[in-house]
Structures are given as C-alpha cells and as structure tokens.
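Q: Take this sequence and fold it.
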Amino acid sequence: MKHKYHIISLIIFLITLNGQYMLYSQTPLYTILISTSLGDMKAVLYAETPIHSENFIDLVKKGFYNGHSFHRVINNFMIQAGDPRTRNTNDPDSKNISDVDYTLPAEFNPALYHKKAVIAAARMDDSVNPQRASSGSQFYIVQGRTFSDQELDLMVKKQVHIKFTEEQRRLYKSIGGAPHLDYSYTVFGEVISGIDIIDKIAVVPVDKNNRPLKDIRLNIKILE
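A: Numbers count the residues shown, from 1 in each chain. Prediction:
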C-alpha cells in the first residue's frame, strides 16, 4: 500500500470529548482504525514523531497487532497493548517474547503531552533505560483524570513537571490526562473518535497484575 503523507501544516480539528471540545492541532501522518471487542477507535499518528509513526505502521502492515489483547488496564490512567504473548494467551508466565527485539529513540516534543486519548510508547524503567528509549511494539492510550489548578501548581513546585502552558492547563482541567508522564514517554498519536471505548476498556475487571479477566482483543488497519 502506498504511503499517503497528508502533511498539512497546522491542521485544526474540533472533536467532542465527554461534552468538551478539544483542539487538535498536530499534523496527521496516518489514520488508523483500532477495532476491539468493546468497540472501534479511529486514531491519527503524528508527522512530528516520524520514527514512532512509521514503525507502528510497518507493524500494522505486517498484521503484528491483530489478535493481541490489552494486557495492562488501569482505570483513570491508561490501557496498554502490543505484547506479542497476548496473541495466543494472556498468561503472564508465557515463555514467548514480550516485545519485538529492538527499541526506538525517544521523540519528545513540547507540543505533545499526555492529554486524554493520546497514544504513547511504553518503555523500560529509567533505571535500566536512562535514554528513555521506547518499546518497539508496546503502546498505551491515555485515559487519565482531571486535575485542579492547585494540583498542577504542586507538580511544578515539586519539579514533577515544567511550567504548564495555558492550553495544557485547560485540557488537563477539562478532559484530563496523565501529566506526570509528560516528556518522559513519547506521544505519537491520538484517538479522534470512539473515545468512549477507552473508558469502557478502562473499567473492565482486572487481576492483581492489571490484566483484564476477560481478553479484550484488537485488530488494527490503516485507513489513510
């Protein structure tokens, strides 16, 4: 399939998220459909993060994600997928590999932060991964929660976060997200429709390892 690079500078979309209008102003490189057993999500991958976006699309073309399950689900935080073990089993003791055999260099961008519905790359902890390189396959979609000005101010005071922009404050207070992850994990896309599916997945019953008790399967295809 031929790449379609819809590189349109400062393209602006207004999408409704829990009754709130959200400004989306990144450059869409690809549009994908994430189909799950609880419903479908349409998402865009950013041109601002070409390494991550192209890698994700390469895996989608190979059918890598088809049949996977969301293996880590934490309500008011995020839902995670991309572990190859989950294609045939959700057993944490599986002997199969849990990732592809490569990582990706971080692509941090001040304009890309962890508002609700963004797609970001999982990674190993700083203690073994000081460069904060991303997993080659595992990703998560942010659900998060809303924050008050006082909470955001405290994060800045404790140096958990740099000074928030007005746009960041508006979105973290209205639609929510996970600001403590900003600029530590690479954000490379965003769900633009079917955002309610994130909430449906986030509240399913899980075990002590945050694995859903019932598999939530997914398939991903390229739309544009």
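Q: Just give the number of residues close to R85.
A: Per other CB atoms under 10 Å, the neighbour tally for R85 reads 19. The C-beta positions use only the backbone N, C-alpha and C, and glycine is treated the same way.
Q: I misspoke; the intended subject was D149.
A: Neighbour count for D149, taken as other CB under 10 Å: 11.
Q: Backbone dihedrals for it, both of them.
A: Backbone torsions of D149, given as degrees, to the nearest 10, read phi -60, psi -40.
Q: who's in contact with it?
A: R169, K173 (CB atoms under 8 Å, 6 or more residues apart in numbering).
Q: how about the strands of this structure, start to end?
A: 13-17, 20-24, 28-36, 39-46, 68-69, 72-74, 78-81, 103-104, 118-121, 134-135, 139-142, 187-193, 217-222 (DSSP state E).
Q: most tightly surrounded among these?
A: strand 118-121 (a mean of 26; mean count of other CB atoms under 10 Å).
Q: Would you check how far apart the nearest residue to N76 once chain neighbours are set aside and I192 are?
A: Spatial nearest neighbour of N76, chain neighbours left out: R145 (4.5 Å); criterion: CB to CB, 6 or more residues apart in numbering. Here R145 is placed at a distance of 21 Å from I192 (CB to CB, to the nearest Å).
Q: Next: F108.
A: Note on F108: its distance to I192, by CB to CB, is 22 Å.
Q: for the top helix by length along the chain, which positions count as buried?
A: Counting by DSSP state H, the longest helix found in the chain is helix 50-61. Neighbour-count burial for helix 50-61, counted by 16 or more other CB atoms under 10 Å, picks out H52, S53, E54, N55, F56, I57, L59, V60.
Q: what about this structure, any weak spots by pLDDT?
A: 1-25, 89-97 (pLDDT under 70).
Q: mind running it again at 50?
A: Within the chain, the ranges that satisfy pLDDT under 50 run 1-24, 94-97.
Q: Spatially central residue in it, please.
A: Residue closest to the mean C-alpha point of the chain, counted by CA atoms, centre = their mean, is I119 at 2.1 Å.
Q: quick revisit: quick one: which of the buried residues of helix 50-61 is nearest to S37?
A: The shortest gap between S37 and any of the buried residues of helix 50-61 belongs to V60, at 18.3 Å (CB to CB).
Q: if I pick the residue sitting furthest away from the middle of the chain, what's in contact with it?
A: The outermost residue of the chain, judged against the average C-alpha position, is K157 (26.8 Å), by CA atoms, centre = their mean. For K157, no residue meets the contact criterion (CB under 8 Å, 6+ apart).
Q: can you tell me how far it sits from R170?
A: Taking CB to CB as the measure, K157 falls 20 Å from R170.
Q: what does D125 give?
A: Where R170 is concerned, D125 sits at a distance of 31 Å (CB to CB).
Q: Looking at those two, which is more packed in?
A: Per other CB under 10 Å, whichever of D125 and R170 has more neighbours is R170, with 15 against 8.
Q: for V206, what are its contacts?
A: Residues near V206 by CB under 8 Å, 6+ apart: V73, I74, P212, L213.
Q: can you give me the end-to-end distance of stretch 136-148?
A: Start-to-end span of stretch 136-148 (CA to CA, to the nearest Å) is 34 Å.
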